[in-house]
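S.K.: Next come a sequence and a model predicted from it.
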Amino acid sequence: MGLTRKDVLKLMGAGAGATALGRVGLGALPAPTADTDVADYGASSVITRDVAIIGGGSTGTYSAIRLRDLGKSVVVVETNDRLGGHTHTYTDPGTGAHVDIGVVVWHDLDIVKNYFARFDVPLEKASFEAPGQVNKWVDYRTGKEVPGYAPPDPSAALGAYAAQLGQYPYLEAGFDLPSPVPPDLLLPFGDFVKKYSLQAVVNTVFQFGQGLGDLLKQPTLYVFKNFGLDILRNLQVGFLTTARHNNSELYEKARTELGDDALLRSRVIATDRDAAGYANILVQTPTGLKIIRAKKLLVTIPPKVDNLYGFDLDPTELSLFSQFGNSGYYTGLLRNTGIPDNYSVNNTGADTLYHLPSLPGVYSISPTGIPGLHSVKYGSPVQLSDTQVKSDIVAAVKRLKTAGTIPTTTPEFAVFASHSPFELTVPPSAIQNGFYAKLYALQGRNRTFYTGAAFHTHDSSLLWQFTEALLPRIAA
């Protein structure tokens, strides 16, 4: 039996709207199907579109713009009050300067340059170090500098790493893996490194692969996906960033173009993908309940079961999505740390293998170019609460003073962002048993298509390529 509008209102308590929903909480709702009687809704509450896109991050926004270009009507459902997902830009109130705390660079690819040019957002080559930057190598567990440490020169090892990557060119396009899966891809990356004497590349991969969690324990497949052939190419030719140093400008302009087709601060309450001719999606918006009638769905959010609450998942979908684990990744900006403005304080294990820092922990605290403002990046093999992460960051900064390394003060967060769940993975046994073939077989099933990092990698540029290849099937 389906869930009608009257049923939802009853579950939410007296009076529909965001306030009632917030009071009851989504956890109070059963796992419903939205066999919704459209007649229960006024014309202004029914949205009919070719494609409903769930998630307004990098791939959701790109999909919406491109599908409109292809003549399709769309609506985007996004829980945040902005588009862009992991792309997050902070504007300093004192100087007006911008700092990107999420996505900071893109690949030098035509698809990237054309997309930014469409919105008249100029690009330039990116730099990974601020002028005059001083690097400090500190073990944040103690706050002490690691004596005599210098990062190894990865040049020769990167060539050997590239030779290994070259055996698996299909990884640049997705998870279309051969059967059987090559055994080397299933090895823990630490074992793979030893097997092929790639020790000198580990620190470089670790820094570029922030968010991977315990790098040495991850199956090599996920490391290759994260630090692949086009990453190596862009290390040579140079990555791109926005000339105005405001990566969110792209999404602000996309939001303007989408207009009312972007439902911000909204979430899916229930779905019925078996409705005659359409999928029905019941959505809570700031102005009340809406029902979307869409010929197709495109899901771009992380497909974890608890992230898909309210979706009428079938047993196959439920079985696949419930296998995903994930790491945690967090970014922010700190004020009044006491750290000199030109210092980058990098977490370095004093007694760990390859001097990799222990996680959960800070990756680095680095300059932003704005006086008194530092960027912080933090990773964990498992997802943590924002409160836990913030508390650990503050404690790590204080230890720099306790150890006599830097006379720090108690920092304040100018902004903080959780990018979790991050890096969805499954165990090697699942990969070997055809998990990704089964996952990709979901494309088009139940009127639903999927894109996003779980279906390829945490990389906007490569995800746009992946999505572009999927669009003809969605638009057909």
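M.R.: Cool, the structure landed. Numbering: from 1, shown residues only.
S.K.: From P182, how far off is K72?
M.R.: Separation of K72 from P182 (CB to CB, to the nearest Å): 38 Å. Using the backbone N, CA and C atoms, a C-beta is placed for each residue, glycine as well.
S.K.: An error on my part: the question was meant for L400.
M.R.: To P182, L400 is 44 Å away according to CB to CB.
S.K.: So between those two, which is more surrounded?
M.R.: L400 (24 against 13; other CB atoms under 10 Å).
S.K.: and that one, what is it in contact with?
M.R.: 138, 143, 339, 345, 406, 408 (CB atoms under 8 Å, 6 or more residues apart in numbering).
S.K.: And A414, by the same measure?
M.R.: By CB under 8 Å, 6+ apart, the contact set of A414 is 90, 92, 332-335, 373.
S.K.: Three-state assignment for it, please.
M.R.: Under DSSP: H, G, I helix; E, B strand; the rest coil, the three-state class of A414 is strand.
S.K.: where does it sit relative to V104, distance-wise?
M.R.: Taking CB to CB, one finds A414 at 17 Å from V104.
S.K.: same question, R233
M.R.: The spacing between R233 and V104, counted by CB to CB, is 18 Å.
S.K.: swap in L235?
M.R.: Between L235 and V104 the computed distance is 15 Å (CB to CB).
S.K.: Between the two, point out the one with more neighbours.
M.R.: Neighbour count, other CB under 10 Å: between L235 and V104, V104 has more, with 18 against 15.
S.K.: quick one: which helix or strand includes the closest residue to the more buried one other than its chain neighbours?
M.R.: Nearest residue to V104, sequence neighbours excluded (CB to CB, 6 or more residues apart in numbering): T241, at 6.4 Å. Using DSSP states H and E, T241 sits in strand 240-242.
S.K.: Contacts made by that strand with the rest, please.
M.R.: 100, 104-108, 112-113, 116, 121-126, 247, 249-250.
S.K.: Same check on stretch 149-160?
M.R.: With CB under 8 Å, 6+ apart as the test, stretch 149-160 has contacts from 137, 196-201, 203-204, 232, 235, 348, 355.
S.K.: please redo it, this time with the cut-off set to 7 Å
M.R.: With CB atoms under 7 Å, 6 or more residues apart in numbering as the test, stretch 149-160 has contacts from 137, 196, 198, 200-201, 203-204, 232, 348, 355.
S.K.: With pLDDT, distance to S460 and secondary structure as new columns, can these be given to me in TSV?
M.R.: Formatted as TSV, the contacts of stretch 149-160 follow (pLDDT from 0 to 100; distance: CB to CB, whole Å; DSSP: H, G, I helix; E, B strand; the rest coil):
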residue	pLDDT	distance to S460	secondary structure
W137	98	30	strand
Y196	98	30	coil
L198	97	27	coil
A200	97	29	helix
V201	97	24	helix
N203	96	24	helix
T204	96	21	helix
L232	97	18	helix
T348	98	29	coil
H355	98	30	helix
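S.K.: filter these to the buried ones?
M.R.: 137, 196, 198, 200-201, 203-204, 232, 348, 355 (16 or more other CB atoms under 10 Å).
S.K.: about what we covered before: among the contacts of strand 240-242, which ones are buried?
M.R.: 100, 104-108, 112, 116, 121, 123, 126, 247, 249-250.
S.K.: Out of the residues you listed, which is nearest to V362?
M.R.: Ranked by distance to V362 (CB to CB), the buried ones among the contacts of strand 240-242 are led by V104 at 17.3 Å.
S.K.: how many other residues sit next to V134?
M.R.: Using other CB under 10 Å: V134 sits among 12 other residues.
S.K.: Contacts only, for it.
M.R.: By CB under 7 Å, 6+ apart, the residues touching V134 are 342-343.
S.K.: Tell me who's in contact with V382.
M.R.: Counting by CB under 7 Å, 6+ apart, V382 has contacts 327-328.
S.K.: hang on, it is in a helix, isn't it?
M.R.: No. Counting by three-state DSSP, V382 is not found in a helix; it is coil.
S.K.: how much space is there between the nearest residue to T352 once chain neighbours are set aside and G211?
M.R.: Once flanking residues are discounted, T352 sits nearest to S358: 6.4 Å by CB to CB, 6+ apart. Counting by CB to CB, the separation of S358 from G211 is 16 Å.
S.K.: Could you give me the buried positions within the strand or helix carrying V394?
M.R.: Per DSSP H and E: V394 is located in helix 386-402. Neighbour counts over helix 386-402 (16+ other CB under 10 Å) mark 389-390, 392-394, 396-401 as buried.
S.K.: Now find how far off-centre that helix is within its chain.
M.R.: 24 Å (CA atoms, centre = their mean, to the nearest Å).
S.K.: Do me a favour and average the pLDDT over that helix.
M.R.: What helix 386-402 shows for mean pLDDT is 98.
S.K.: you'd agree L250 is in a helix?
M.R.: Yes. Assessed with three-state DSSP, L250 lies in a helix.
S.K.: thought it was touching R118?
M.R.: No. Judged on CB atoms under 7 Å, L250 makes no contact with R118 at a distance of 9.2 Å.
S.K.: in the sheet, who's paired with the residue nearest to Y450 when sequence neighbours are not counted?
M.R.: What sits nearest to Y450 in space, not counting adjacent residues and going by CB to CB, 6+ apart, is V299, at 5.1 Å. Taking DSSP bridges as the rule, V299 bridges to I54, Y450.
S.K.: burial count for V299?
M.R.: V299: 24 neighbours (other CB under 10 Å).
S.K.: what's the answer for G96, then?
M.R.: G96: 7 surrounding residues under other CB under 10 Å.
S.K.: Quick check: it vs S179, distance?
M.R.: G96 is 55 Å from S179, where distance means CB to CB.
S.K.: how would you label the residue nearest to T352: helix, strand or coil?
M.R.: Three-state assignment for S358 (three-state DSSP): coil.
S.K.: is it true that it touches D139?
M.R.: No. Shown here, S358 and D139 do not form a contact pair, counting by CB under 7 Å, at 8.4 Å.
S.K.: Name the residue closest to the centre of the protein, please.
M.R.: By CA atoms, centre = their mean, the chain has its centre lying nearest to H86, at 5.2 Å.
S.K.: one step back: make a ChimeraX selection of the buried ones in the contacts of L400.
M.R.: Command for ChimeraX, covering only those of the contacts of L400 found buried under the criterion 16+ other CB under 10 Å:
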select :138,143,339,345,406,408
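S.K.: does N246 really touch T87, like I thought?
M.R.: No. In this structure, N246 is not within contact of T87 by CB under 7 Å, at 10.1 Å.
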